[in-house]
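Trainee: Provided below are the primary sequence and the corresponding predicted coordinates.
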Amino acid sequence: MHRNQKHNRWGKFILLAPALLLIFVTTIYPMASSFWLSFQDWRLTKSDQPNGFVGLQHYQRAFTDEYFINSVVVTTEFTLLSVGLTIVIGLGMAIILQKKSLTNAILKTLLIFPFAVSPALKGYSFRFMLAQEYGIIQAIIGFLIPPLKGMVWLADPFWSLFWIAITEVWGWAPLYALMFIGALGSIPTDIFEAAKVDGATNAQVFWNITLPMLAPVLLIATLLKTIFSLKIFDQVVTMTGGGPGRATQSLNHFVYQVGFRSLDMGYSAALAYILLAGLAVVAFLYVKSLYRQGA
Amino acid sequence: MARTRKGRSWAQWRDWSVEKFWALLIFLFVVFPIFWIALTAFKETRDVYTTKVWVPLTLDNFITIFTPPFNYGKLVLNSFLISTITVAIAIPLGLMAAYVFARYEFRGSQILMVGVLVTQFIPPLVVAIPFYTLFRSLGVTETYLPLVAVYLSIVLPYSVWMLKGFVDALPIEVEEAASVDGCNEFQTLRHITFPMMLPGVITALVFSFIMCWNEFTYALILTGEETRTLQLGLLATVGVRGVLWELMAATGMVVMIPMFILSFTIRKYFVEGLTMGAVK
């Protein structure tokens, strides 16, 4: 018995070690290294090696850097927009498709496809479809709402951000719909029937039964989408390049520009760390709610 | 009597058509962008810059991207090899770790697990900045090493969590029965646990592959001329006159069709796969 336990313990660590070691090397090492870099002056244009310790200078600089502040505002607006739309549209889709039928079964299969489209491609595709004159979405909107005919969507600061959010909604809302359909299916149907017998309207059932029952799933979905939205980058590159002006320059895009266009590694590491701090807060809430639900 | 029946059937008809109208709207929302890119990929150049639907179709755009000067076959190969190498390392290691996390409680196991989970929330640039400088100084930017390394940082934590979910769902009694029958721990794993986990493993495999294949940020920063991936091929369709949309669309088809096929094979586990891994 004693020998067996000892054997077990070693077996355990042999199985665990390779994965943990690799995760450590590929995440903890660069994290620590970035943290250290964020206190260094290191412009690759000047030297191949860090040029010395500058203390909190990069962090101080960030909070007086109007481009940085702009990128924080853009990222926040984008996150609110894309998370809100994804959850609402995902929920709407789930409610429409929850009834079992052949059409719905086929539709549910189709819902998995947008998520498999790469974010970079989503960005290009929507940019193409929004183009003036030959963009099909632009043409359809112009046909349905004549005053918007010939609108250059991606030249407008708000609408360009909105359409980047739509690319995200397109990828995520169908997926969340599937998740919500699963959750809806686990609500006992007699609750709905009882409510109907008592004369509740559809709206009352939705607000007083469906929504509270879905609350745990909605919370997880919201936090998860928030984490991804705060990291938005690919579509900014392929759709707007951060423009018009800097109207769609997300924090990640700004960090990229500072680090890999201006080659100011120290400052960009500090900026990346500020983003990390923001994400850490959301990630903390996420882990907490995950554990509260006993996942 | 006749009136009520007529009334009821009208209400039914109305409900039916409202339902189908929304279903149609969802269908268009989901499918239309994919359809439009697919159509554009097969259009002749002069039709690309119109909104025409009924046009002659051609394979020219695909021929263009797979011949000089584009030669995207090379990018497909890079993407495929980088994704395959990453997944081939991540899934076995992830499975081993997931098994331990699911089956044993030991001091610090909870903290380790949460630690593995939160690594997924690290923004890519925090990882990319030090790796960029490191790989540059090592002179390995023209190899697959940089991307495989950073993709492991995404895929490995994800697969540990996802596979743990699948192990949790396996009844432990089966393993106990095997050990009563004289299997040692590794024999049980090999002959009992792993085969039963096959759906989970395939799901993790497919998701991990899709993540690597579709990844853009790291690829943009960490690849050299010879190791560019297919996602970067999308960028290169930007010519002096703006984006060459027919080539973008053709490349887009090569990007997305294999991923559609992969997703379709795991459609039953799609939601589970994503929520269990907490997802990158």
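Mentor: Great, that's in hand.

Trainee: Point out where chain A drops to low pLDDT.
Mentor: For chain A, the stretches with pLDDT under 70 are A:1-9, A:293-295.

Trainee: what do you get if the cut-off is 80, keeping everything else the same?
Mentor: Counting by pLDDT under 80, the ranges of chain A that qualify are A:1-11, A:44-52, A:55, A:57, A:290-295.

Trainee: tell me the domain ranges of it?
Mentor: A:1-31, A:44-118+A:160-292 (automatic domain parsing).

Trainee: most neighbours per residue, which of those domains?
Mentor: Among these, domain A:44-118+A:160-292 has the highest mean neighbour count (mean count of other Cβ atoms under 10 Å in any protein chain shown), at a mean of 18. Every residue, glycine included, has its C-beta placed from N, CA and C.

Trainee: centre of the chain versus it, how much separation?
Mentor: 3 Å (Cα atoms, centre = their mean, to the nearest Å).

Trainee: before we move on, what about stretch B:56-71?
Mentor: Put simply, stretch B:56-71 sits 26 Å off its chain's centre (Cα atoms, centre = their mean).

Trainee: before we move on, what about stretch B:21-37?
Mentor: So, by Cα atoms, centre = their mean, the centroid of stretch B:21-37 is 21 Å from its chain's centroid.

Trainee: I'd like the domains of chain A written out as CSV, with distance to residue B:168 added.
Mentor: Compiled in CSV, those are given as follows (distance: least, Cβ to Cβ, whole Å):
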stretch, distance to residue B:168
domain A:1-31, 16
domain A:44-118+A:160-292, 14
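
Trainee: To residue B:116, which of the ones you listed lies closest?
Mentor: Residue B:116 lies closest to domain A:1-31 among the domains of chain A, at 6.2 Å (Cβ to Cβ).

Trainee: Distance to chain B added to the domains of chain A, as TSV?
Mentor: TSV is the format used below for the domains of chain A (distance: least, Cβ to the nearest Cβ, whole Å):
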stretch	distance to chain B
domain A:1-31	4
domain A:44-118+A:160-292	4
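
Trainee: List the contacts of the residue lying closest to residue A:111 once chain neighbours are set aside.
Mentor: Nearest residue to residue A:111, sequence neighbours excluded (Cβ to Cβ, 6 or more residues apart in numbering or on different chains): residue A:174, at 3.7 Å. Contacts were defined as Cβ atoms under 8 Å, 6 or more residues apart in numbering or on different chains; by that measure residue A:174 touches A:90, A:93, A:110, A:111, A:112, A:113, A:114, A:115, B:30.

Trainee: What are the boundaries of the strands in chain B?
Mentor: With strands called from DSSP state E, chain B shows them at B:238-239, B:242-243.

Trainee: do you know which of the ones you listed lies nearest residue A:208?
Mentor: Closest to residue A:208 of the strands of chain B, according to Cβ to Cβ: strand B:242-243, at 49.6 Å.

Trainee: Is there any residue in that closest one that contacts chain A?
Mentor: Yes. Against chain A, strand B:242-243 shows contacts by Cβ under 8 Å from any Cβ of the partner chain at residue B:243.

Trainee: By mean pLDDT, flag the weakest helix or strand of chain B.
Mentor: helix B:270-276 (a mean of 69; mean pLDDT, DSSP states H and E).

Trainee: Show me which helix runs longest in the chain.
Mentor: Answering for chain A, as no chain was given. For chain A, the helix with the greatest residue count under DSSP state H is helix A:66-97.

Trainee: looking at chain B here, not the other one
Mentor: Longest helix in chain B, counting residues (DSSP H): helix B:2-41.

Trainee: pLDDT of that helix, averaged?
Mentor: Regarding helix B:2-41, the rounded mean pLDDT is 84.

Trainee: Give me the angle between that helix and helix A:66-97.
Mentor: Using axes from the mean of the first three to the mean of the last three Cα atoms, to 10 degrees, the inter-axis angle of helix B:2-41 relative to helix A:66-97 is 140 degrees.
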